[in-house]
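Chemist: task: produce atomic coordinates for the following.
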Amino acid sequence: MNPTLDLLYRLADDQLILGHRNSEWNGLGPILEEDIAFSSMAQDKLGHSLQLYGLLHELGEAEPDTVAFTRNAPQFHCCQLTELPIGEYDFSLIRHFLFDHAELLRFEALADSSYEPLALVARKVKGELKYHVLHANTWVKRLGTATEEAIERMQAALEFTLPYALSIFETTEAEPEIISSGLFIGEAELQARWEASISKVLAQTALTLPDLRTLTPVAGGRQGQHTEHLQPLLDEMAEVFRLDPTADW
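Modeler: Got it, this is the predicted structure:
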């Protein structure tokens, strides 16, 4: 696949799928503040995916709705972290923390991409992601220094989620050209920046960051290999669109 298309599909699919997952907290948040926060972040992510699918369309791919709602799981390039069910709040919060730290750093780097249309989108998106990261940091610090039970639950969620989070940085065959052409700094550099970023926050809590070198990433998503959770999510997400793809809703 063309390196620009490869990168854009990964970016857009991550945003779409996690945006849909976050939207599932609507009406279920542990407190009203979090219900609203996750719904708002979901809306942001869906907006980000639309902008990125729009860039793909400009490069000759199908229209955004068609790309988002007519593909099946093996055709998606999202990392497996994004497709996992929302579970308990501690898991969704840790996923939000780990993913959005990576995404903020990613879009800050993409603001200098050699592909100017993507750089323009990144300059806007990174401003919104700063608030996502601020929200995640606030709650990780709050719960990571709270009661013994809260700390234990957050630590367990962190240890469960980290192998999936490492799949954020899974590379494809296009990686060398993506770096050499100036499209993006590359996944290895992003991961190094991410590790430093999350470590700084976790150091302000009672949580312990495991040695990431001992963990095996749950990879495959970038190659179209997904969990059993993705296809049901896609079926639900596209149900209305598939009733009549030509309709104006």
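Chemist: show me where pLDDT drops low in this protein?
Modeler: Scanning the chain for pLDDT under 70 picks out 25-36, 243-249.
Chemist: quick one: the helices in it?
Modeler: For the chain, the helices defined by DSSP state H occupy 3-23, 32-58, 64-69, 80-83, 89-110, 116-143, 148-165, 175-180, 187-202, 230-237, 239-243.
Chemist: out of these, deepest packed?
Modeler: helix 80-83 (a mean of 26; mean count of other Cβ atoms under 10 Å). The C-beta positions use only the backbone N, C-alpha and C, and glycine is treated the same way.
Chemist: what about that one, distance to the chain center?
Modeler: How far helix 80-83 lies from its chain's middle: 8 Å, per Cα atoms, centre = their mean, to the nearest Å.
Chemist: next: stretch 220-228.
Modeler: Distance, centroid of stretch 220-228 to centroid of chain: 14 Å (Cα atoms, centre = their mean).
Chemist: and it, what's buried?
Modeler: Gly221, Arg222, His226, Thr227 (16 or more other Cβ atoms under 10 Å).
Chemist: look up how far Met1 lies from the last one.
Modeler: I take that to be Thr227. 22 Å (Cβ to Cβ, to the nearest Å).
Chemist: also the second one?
Modeler: When distances are taken as Cβ to Cβ, Arg222 and Met1 turn out to be 11 Å apart.
Chemist: same question, the first one
Modeler: In this structure, Gly221 and Met1 are 15 Å apart, going by Cβ to Cβ.
Chemist: Trp139 too?
Modeler: 37 Å.
Chemist: that older thread, shared neighbours, Arg222 and Met1?
Modeler: Thr172 (Cβ atoms under 8 Å, 6 or more residues apart in numbering).
Chemist: what about the closest residue in space to Leu202 that isn't next to it in sequence, neighbour count?
Modeler: Once flanking residues are discounted, Leu202 sits nearest to Leu209: 5.1 Å by Cβ to Cβ, 6 or more residues apart in numbering. Neighbour count of Leu209, defined by other Cβ atoms under 10 Å: 16.
Chemist: check the one 3 residues further on too.
Modeler: Neighbours of Leu212 under the rule other Cβ under 10 Å: 16.
Chemist: how near is it to Pro163?
Modeler: Taken as Cβ to Cβ, the span from Leu212 to Pro163 is 9 Å.
Chemist: repeat for Phe38
Modeler: For Phe38, the distance to Pro163 - Cβ to Cβ - is 23 Å.
Chemist: do Glu58 as well
Modeler: Applying Cβ to Cβ to Glu58 and Pro163 gives a distance of 36 Å.
Chemist: likewise Leu98?
Modeler: 11 Å.
Chemist: do Trp194 as well
Modeler: 15 Å.
Chemist: biggest separation within the buried residues of stretch 220-228, which pair?
Modeler: Arg222 and Thr227 (13.7 Å; Cβ to Cβ).
Chemist: which residues are in contact with each of those two?
Modeler: What both Arg222 and Thr227 touch, as defined by Cβ under 8 Å, 6+ apart, is an empty set.
Chemist: verify the contact between the residue nearest to Leu202 and Ile198 for me.
Modeler: Yes: between Leu209 and Ile198 there is a contact under Cβ atoms under 8 Å: 7.0 Å.
Chemist: can you read off the backbone torsions of Gly144?
Modeler: Main-chain dihedrals, Gly144, degrees, to the nearest 10: phi -80, psi 0.
Chemist: pretty sure it is touching Leu207, no?
Modeler: Yes: at 4.6 Å, Gly144 counts as touching Leu207 under the criterion of Cβ under 8 Å.
Chemist: for Ala219, grab the count of nearby residues.
Modeler: When neighbours are counted by other Cβ under 10 Å, Ala219 registers 17.
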